[in-house]
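[1] The sequence and its predicted three-dimensional model are supplied below.
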Amino acid sequence: MDFFYSDQQVVDFTRIYLAVFYSFVAVFYTGRIIIKQRSTETKSVVFPGERFCCTWWNHMTFRVFRAVIWAVCLLRLAFVDFDHYLGVISFLNSAAIITLGNVLLTLGFLSTVAIHLLLGKHWRTGIDPNGPSSIRTTGVYRLSRHPMFVSIMLSQLGFFLALPSVFSLTCLVIGVIALQRQSVAEETHLLTVYPTQYHAYKVQVSKWL
């Protein structure tokens, strides 16, 4: 009984934590885009691509799923029985796994924020047809060609473990596919703009880790 109660405590805490976490994520990304667009010389820092193209679908996938995840986390906070509709995977629904999920979710987000700050004024979401002005190969970019995508995938894995369910597994699989497709599109763009430099970088540095 003590062990079960411990599991339930973690579930109840995570129910609150996920609602607060994704509310903060929504405020962070919205605020960052607004601030960047006001402080940059360009009209926008968001480049989804032409309507219905590959990168546009990737962009829309993340927008929709981010909103759906946020809504689900808020609904779970208001209605405990809502978990029944998510297809909870019972054998993963333990204190240890859920706690690990919370840690990975948080680390992934903090890593993403750190990379945002590292990029500074050069940060964009999507592929800027007029950029980038140079290839970044230092810092975390010496370890991975797509460190921000790695951080996002870490967060997505964390979300699945924090809320082990068919719903979160679906979000994880679709998210990884979208990031893979986006990485291919971005590398194609960079090879077009910097064919020699980016090819040399691509040979030296792993795509993920």
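    Nice, thanks for sending it over.
[2] Would you confirm that residue 137 contacts residue 202?
    No - Residue 137 is beyond contact range of residue 202, at 10.5 Å (criterion: C-beta atoms under 8 Å). Any C-beta I mention is one placed from the backbone N, CA and C, and that applies to glycine too.
[3] can you pull the buried residues of the helix or strand residue 203 falls within?
    Under the criterion of DSSP states H and E, residue 203 resides in helix 195-204. Across helix 195-204, burial judged by 16 or more other C-beta atoms under 10 Å covers 198, 201.
[4] which strands and helices sit next to the lowest-mean-pLDDT helix or strand in the chain?
    Here the helix or strand of the chain ranked lowest by mean pLDDT, DSSP states H and E is helix 2-39, holding a mean of 85. Using 3 or more C-beta pairs under 8 Å, 6 or more residues apart in numbering; DSSP states H and E, the elements in contact with helix 2-39 are helix 54-78, helix 95-119, helix 147-162.
[5] downstream neighbour of the second one in the secondary structure list?
    Read it as helix 95-119. Counting by DSSP H and E, what follows helix 95-119 is strand 125-126.
[6] Residues touching that following strand, excluding its own?
    Residues from elsewhere that reach strand 125-126 (C-beta atoms under 8 Å, 6 or more residues apart in numbering): 33, 45-49, 55, 59.
[7] now, which of those residues sits nearest residue 92?
    For these, the closest approach to residue 92 (C-beta to C-beta) belongs to residue 59, at 30.4 Å.
[8] What mean pLDDT does the helix holding residue 203 get?
    In this model, helix 195-204 has a mean pLDDT of 95.
[9] before we move on, back to that, list the buried residues for the least confident helix or strand of the chain?
    Those would be 7, 10-11, 14-15, 17-19, 21-22, 25, 29, 36, for helix 2-39 by 16+ other C-beta under 10 Å.
[10] how far out from the middle of the chain is the helix or strand just after that helix?
    Counting by DSSP H and E, the element after helix 2-39 in chain order, helix or strand, is strand 46-47. Mean C-alpha position of strand 46-47 versus that of the full chain (C-alpha atoms, centre = their mean, to the nearest Å) differs by 16 Å.
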